[in-house]
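Chemist: pasting a predicted model and its sequence here:
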Amino acid sequence: MTNHLIRSEDIDLFTHDQGTGLPILLLHGMWCDHHVYDDVVHGLADAYRIICPDLRGHGQSETPTQSWKVRDLARDLLHVLDALAIREAVVVGHSLGGMAALHMALEDPARLRGLVLLSTSAEAEKPERRSQLSLMAMTLNMWGMNRLMAGRAAKVFFSPAFARRSPGKVKAWRAHLLSMHKRALLQALAAVRDRPSVLAQLSTLTMPALVMGTEEDVIADPAHAAIMARRLRNASLVMLPGGGHALPMEHPQALIQALQHFVNSHIH
């Protein structure tokens, strides 16, 4: 088990590196860090090399001084693979991490042995949602993150059932959110709000792919998971009953099993 600080352009990216074997790169979502995958890492690190970076502005990675776009995350992550001398990896992305994974796949498809998309979208934000995110950004810019906003975010991110059975994990996530720098929060929010659609480009991707979602996700439209799976040329779809947007935290065992099956069936 090793932790790295990997330079990408003008920032250092914290990266957790554990296990040996086929490299699997786990990418977290907006306003999270690599710890959302803790249970998944525990279940996979005996069989695979698990690479868990904190995306720019998140966790223990540095926050850039300037705004950034989703494609900048993809370039960061290719730098991470280069720094660790990893030629190919299975790339797993949740939410914002899934958007970054798609841009990695489009920018340098030869680097991906497989692509796994969790509770994410290949579309641009719809106008109503862009307006909501812009209003959230104005509020954050004026007041920063506070306990009320963090609590509201948690109610959207986690399902009520998970919040009842794992209050400690929800509390830790809220605490992480409150600890984030206002600039980091705003940069990530703008990157998600302003991302371009890559839906029309999915048919160019030929690597094995797995699309997963939960049927009660109120952030990533469950119906869009099926659309992505159809557009990708070599994809399967797994929809989990119950659960909110935080798929890696709410369904770690199902994710572990799905990843093991995906690798055993499709990665040679």
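Modeler: Everything's here; your move.
Chemist: how about the strands in the protein?
Modeler: Ranges of strands in the chain, per DSSP state E, are 2-8, 11-18, 23-27, 49-53, 89-94, 112-118, 209-214, 235-240.
Chemist: angle of the second one against strand 2-8?
Modeler: Between strand 11-18 and strand 2-8, the angle comes out at 150 degrees (axes from the mean of the first three to the mean of the last three C-alpha atoms, to 10 degrees).
Chemist: buried sites along strand 11-18?
Modeler: Residues I11, L13, F14, T15, H16, D17, Q18 are the ones in strand 11-18 that count as buried (16 or more other C-beta atoms under 10 Å). For the C-beta atoms, the positions are set from N, CA and C on the backbone; glycine is no exception.
Chemist: point out where the stretch 1-150 of the chain drops to low pLDDT.
Modeler: Along the stretch 1-150 of the chain, no part satisfies pLDDT under 70.
Chemist: which stretches of the stretch 51-200 of the chain form helices?
Modeler: For the stretch 51-200 of the chain, helices defined by DSSP state H, counting those that start in this stretch occupy the ranges 70-83, 96-107, 127-143, 147-157, 160-165, 167-179, 182-193.
Chemist: turn these into JSON lines, including distance to L202 and mean neighbour count.
Modeler: Converted to JSON lines, the helices of the stretch 51-200 of the chain look like this (distance: least, C-beta to C-beta, whole Å; neighbours: other C-beta atoms under 10 Å):
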{"stretch": "helix 70-83", "distance to L202": "15", "mean neighbour count": "20"}
{"stretch": "helix 96-107", "distance to L202": "8", "mean neighbour count": "25"}
{"stretch": "helix 127-143", "distance to L202": "20", "mean neighbour count": "13"}
{"stretch": "helix 147-157", "distance to L202": "26", "mean neighbour count": "15"}
{"stretch": "helix 160-165", "distance to L202": "30", "mean neighbour count": "14"}
{"stretch": "helix 167-179", "distance to L202": "30", "mean neighbour count": "15"}
{"stretch": "helix 182-193", "distance to L202": "19", "mean neighbour count": "20"}
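Chemist: possible to save those helices as JSON lines with distance to N3?
Modeler: Formatted as JSON lines, the helices of the stretch 51-200 of the chain follow (distance: least, C-beta to C-beta, whole Å):
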{"stretch": "helix 70-83", "distance to N3": "13"}
{"stretch": "helix 96-107", "distance to N3": "19"}
{"stretch": "helix 127-143", "distance to N3": "29"}
{"stretch": "helix 147-157", "distance to N3": "26"}
{"stretch": "helix 160-165", "distance to N3": "28"}
{"stretch": "helix 167-179", "distance to N3": "17"}
{"stretch": "helix 182-193", "distance to N3": "20"}
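Chemist: so for H4, which of those sits nearest?
Modeler: Among the helices of the stretch 51-200 of the chain, the nearest to H4 by C-beta to C-beta is helix 70-83 (7.1 Å).
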